[in-house]
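S.K.: Test case, fold it:
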Amino acid sequence: MQHQVPQFIDVEDKIFGPLTAKQFFYVAAGGSIIFIMYVFFQMWLVILIGVPVAAFSLALAFLKLNGIPFIKIVSNALSYASSNRLFLWKKVPKAVKTEKEILGTQIELSGTKLTQNRLQDLSWSLDVQKNLNIKR
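M.R.: Take a look at the predicted model:
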């Protein structure tokens, strides 16, 4: 039984004439921003701000650098700019303790304090263990 394998699965469908859905929405968003600016602002301001908006929306729709879509490049640049960076050659020196700090700290012994009752309980449990080992 033979099955047909789909070809060109990485090519997006052309939905709006020669444009894909993504391309159409990028161009439509840029055009609507420019239209809203045309309604509310003077013409010199619309041209001044509208040209970069149009260039950016057209770049989002059509530009690929080294086969990578421009939207991916913009998102990678924004994530890089907002993330923390680790510079191994800019190490922060560790704080060195002085002798006064070292001698001033008191060393506490770990463990609980032995009271007379606790000491008797430990002695009894050791005797029980000793008696069990002898009987075996």
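
S.K.: for stretch 3-22, which positions count as buried?
M.R.: In terms of neighbour count (16 or more other CB atoms under 10 Å), stretch 3-22 has its buried residues at Leu19. The way it works is simple: take the backbone N, C-alpha and C, and place the C-beta from them, glycine included.

S.K.: before we move on, could you check phi and psi at Leu65?
M.R.: Note on Leu65: its backbone torsions stand at phi -110, psi 120 [degrees, to the nearest 10].

S.K.: what separates the nearest residue to it once chain neighbours are set aside from Leu63, distance-wise?
M.R.: In this structure, Leu65 finds its nearest non-sequential neighbour in Ile73, 6.1 Å apart by CB to CB, 6 or more residues apart in numbering. Using CB to CB, to the nearest Å, Ile73 is found at 9 Å from Leu63.

S.K.: same thing with Lys14?
M.R.: Distance from Lys14 to Leu63, by CB to CB: 18 Å.

S.K.: in the chain, which residue is closest to the centre?
M.R.: Ser83 (7.0 Å; CA atoms, centre = their mean).

S.K.: At which residues are the helices of the chain located?
M.R.: 21-40, 43-62, 70-82, 99-104, 116-135 (DSSP state H).

S.K.: per-residue confidence at Thr20?
M.R.: Looking at Thr20, its pLDDT is 88.

S.K.: Run through the bridge partners of it.
M.R.: Partner residues in beta bridges with Thr20, using DSSP bridges, are Lys14.

S.K.: That one: what's it in contact with?
M.R.: Glu12, Asp13, Lys14 (CB atoms under 8 Å, 6 or more residues apart in numbering).

S.K.: Distance check, the second one against Leu19.
M.R.: Going from Asp13 to Leu19 by CB to CB gives 10 Å.
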